[in-house]
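Student: 3D, please:
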Amino acid sequence: MPRETSEFIVVTTTVGSEREARDLAAAVVGAKLAACVQCVPVHSTYRWKGVVESAAEFLLLAKTRASLADALTAFIRGRHSYELPEIVVTPIVGGLAPYLQWIRDETDVDATQE
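Tutor: Numbers count the residues shown, from 1 in each chain. This next block holds a predicted model:
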């Protein structure tokens, strides 16, 4: 049985340095494309152009509204240093109502800034 479309999503990407992670996170939140972006150090193993690679990276988790998925994807793609960046959208199917309202409020580009 198909689920209803979620109003909220998490958009994930990885970058190659802490500085790039912090800069991208600040730019995304500053543009009100996400309410929050968490940056987590990870170690990735992947196949790239036929070769198994391994690298330290930073995983970014951006909490936002589903209606901003395309804009956020374009924003990340335009600022990303990778030839082919990971950009994955995952629906949020539930959560603490006041937290979800906070995401809604912080990504409302028409709201008055505090």
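Student: in this structure, which spans are helices?
Tutor: 18-30, 69-79, 97-106 (DSSP state H).
Student: Next, format these as TSV and append distance to residue 9.
Tutor: Yep, even glycine has a C-beta here, placed from its N, CA and C like the rest. Formatted as TSV, these follow (distance: least, Cβ to Cβ, whole Å):
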stretch	distance to residue 9
helix 18-30	13
helix 69-79	6
helix 97-106	9
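Student: quick check: longest strand of this structure.
Tutor: Longest strand in the chain by number of residues (criterion: DSSP state E): strand 51-65.
Student: buried residues in it?
Tutor: For strand 51-65, burial by neighbour count (16 or more other Cβ atoms under 10 Å) applies to 57, 58, 59, 60, 61, 62, 63, 64, 65.
Student: try stretch 30-46
Tutor: Applying 16+ other Cβ under 10 Å to stretch 30-46 flags 32, 33, 34, 35, 36, 37 as buried.
Student: so how far is it from its chain's centroid?
Tutor: 5 Å (Cα atoms, centre = their mean, to the nearest Å).
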